[in-house]
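S.K.: Here you go, sequence then predicted model.
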Amino acid sequence: MEKREIGLQDTLTLTRTSFYKTIQVKRVLICFHGFMTSSWHDCTAFKKYFDSINDNPNFEVELVNLYTWGDKSTYSSKNFYKLAYEAVKKHIDKGEIVYLLSYSFSADLAARLTCEFPQIEKLCLISPTTYIVKTKLLASYISMAVKNLKLRLKYKRKAKKIIQKTKMDGIVRLAINIAKSIVKNRKYLKYVNCKVFMCKGNKDEFSISQTFHYISRKSKNAIIMSKTYPDENHVMFCTLEHGLRVFQDVLRFTFHMKKVMEVEEGSEEEK
C-alpha cells in the first residue's frame with residue numbers, strides 16, 4: 001500500500017514502461033461530470049485539450065452524461081448509476097482498458113464502479129465531494145430550494161413558464177438525488193483497489209481536506225497520490241485557463257503522455 005502527496009512542482013509518474021507503446025490495445029478514459037446546470041459537460045475543456053495533443057489512435061477520452069439537463073425524468077440517483085455502469089461495461093465487453101475520471105459528486109459513484117469492475121486500472125478523483133453537511137454543499141442545495149419556492153410564490157402561474165424556459169424545473173429533485181448518490185455510494189471508497197490520483201484546489205469549499213483524509217483512510221488497498229493546486233476552487237477543472245495543470249497531471253497519470261502543453265516560460269504562474 002502506498003499513499004503519498006505530490007508536491008506542486010512534481011510530475012506524476014507511475015511505473016513508466018514501454019508497455020503502452022508496444023501493446024496495441026484501446027485505452028479509454030471515461031469522464032463523469034458533477035452538478036451540471038446546463039448541457040455543457042464539465043469535462044469538455046479537458047477533452048478538447050486531450051484531442052488537441054493526442055496522436056495515439058489507441059487513446060480515447062469519452063464524456064458520459066449521468067442525466068440530461070432539463071429532463072426531470074433523468075434526475076434519479078438510480079439513473080446516474082445505470083448510465084455510468086452501461087458506459088463502463090460497453091468498453092469492458094470490448095476488451096478495452098478502462099480508466100475513470102470523476103468530478104465532484106460522481107467520485108463516490110466512480111469508486112463503486114471500480115469495485116464492480118476490477119478490470120478498471122486507474123481512477124482520477126477531481127475535486128471529489130464526499131461530505132454534504134460538513135461543506136457548503138447542503139447549504140447550496142437548500143438555497144436553490146428556497147429560490148425555487150420564492151419564484152413560485154412571487155409569479156404564481158407565470159412561475160411555471162419561467163422555470164420551464166430556464167430549464168430549472170426539477171432542480172430541487174436533481175439536488176436531492178445528487179445528495180442521495182453521494183450518501184449511497186460513499187461506502188465503496190473503502191473497497192477501491194486500483195491506482196488513484198485525487199486532486200483539488202486549495203480554495204475549494206466543497207472538496208475539503210477532510211475529504212482527502214476520508215478517501216485515503218478508507219481506500220486501504222489502493223495506491224493513492226494526491227495533489228492540491230494553489231489559488232483554485234471547485235470549478236478549476238471546467239476551463240483550460242484554470243485546469244491546464246490538472247489536465248497535464250491526469251494525462252501523465254492515465255496515459256503516461258509526455259506530449260503535454262507546458263505553461264509558457266516566464267508566465268505569471270511560474271514567477
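M.R.: The structure has been received and is ready for your questions.
S.K.: Centre of the chain to stretch 233-241, how far?
M.R.: 11 Å (Cα atoms, centre = their mean, to the nearest Å).
S.K.: how about it: buried residues?
M.R.: 233-238 (16 or more other Cβ atoms under 10 Å). All C-beta spots, glycine's among them, are computed from the backbone N, C-alpha and C.
S.K.: For the residue minimising distance to the centre of the chain, list each beta-bridge partner.
M.R.: For the chain, residue 103 is the residue whose C-alpha lies nearest the centre (Cα atoms, centre = their mean; 1.6 Å). Under DSSP bridges, the beta-bridge partners of residue 103 are residue 126.
S.K.: can you tell me which residues contact residue 204?
M.R.: Going by Cβ atoms under 8 Å, 6 or more residues apart in numbering, residue 204 touches 127, 232-234, 236.
S.K.: List phi and psi for the closest residue to residue 121 other than its chain neighbours.
M.R.: Once flanking residues are discounted, residue 121 sits nearest to residue 194: 5.7 Å by Cβ to Cβ, 6 or more residues apart in numbering. The phi/psi pair for residue 194 (degrees, to the nearest 10) reads phi -140, psi -180.
S.K.: Now do the same contact list for residue 194.
M.R.: For residue 194, the contacting residues are 114, 120-123, 222-223, by Cβ under 8 Å, 6+ apart.
S.K.: ok, now residue 95?
M.R.: Applying Cβ under 8 Å, 6+ apart to residue 95 gives the contacts residue 25.
S.K.: ok, now with 6 Å
M.R.: Contact partners of residue 95, counting by Cβ atoms under 6 Å, 6 or more residues apart in numbering, are absent.
S.K.: which residues are in contact with stretch 70-77?
M.R.: Contacts of stretch 70-77 (Cβ under 6 Å, 6+ apart): 67-68, 167, 170, 173-174, 177, 180-181.
S.K.: Mind giving me the PyMOL command for buried ones among these?
M.R.: Command for PyMOL, covering only those of the contacts of stretch 70-77 found buried under the criterion 16+ other Cβ under 10 Å:
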select buried, resi 67+170+174+177+181
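S.K.: Just the mean pLDDT for stretch 55-72, thanks.
M.R.: What stretch 55-72 shows for mean pLDDT is 94.
S.K.: How far does it sit from its chain's centre?
M.R.: Remark: stretch 55-72 is offset 12 Å from the chain centroid, using Cα atoms, centre = their mean.
S.K.: Show me which residues of that stretch are buried.
M.R.: Residues of stretch 55-72 classed as buried by neighbour count (16+ other Cβ under 10 Å): 58-61, 63-67, 69-70.
S.K.: quick check, nearest of those to residue 131?
M.R.: Set against residue 131, the nearest of the buried residues of stretch 55-72 by Cβ to Cβ is residue 66 (19.8 Å).
S.K.: can you list the weak-confidence ranges in the stretch 1-150 of the chain?
M.R.: Scanning the stretch 1-150 of the chain for pLDDT under 70 picks out 1-23, 132-150.
S.K.: try it again with 50
M.R.: The stretch 1-150 of the chain contains residues with pLDDT under 50 at 1, 8, 15-22, 149.
S.K.: Do a quick rundown of the strands in it.
M.R.: For the stretch 1-150 of the chain, the strands defined by DSSP state E, counting those that start in this stretch occupy 3-5, 27-32, 59-64, 97-103, 122-126.
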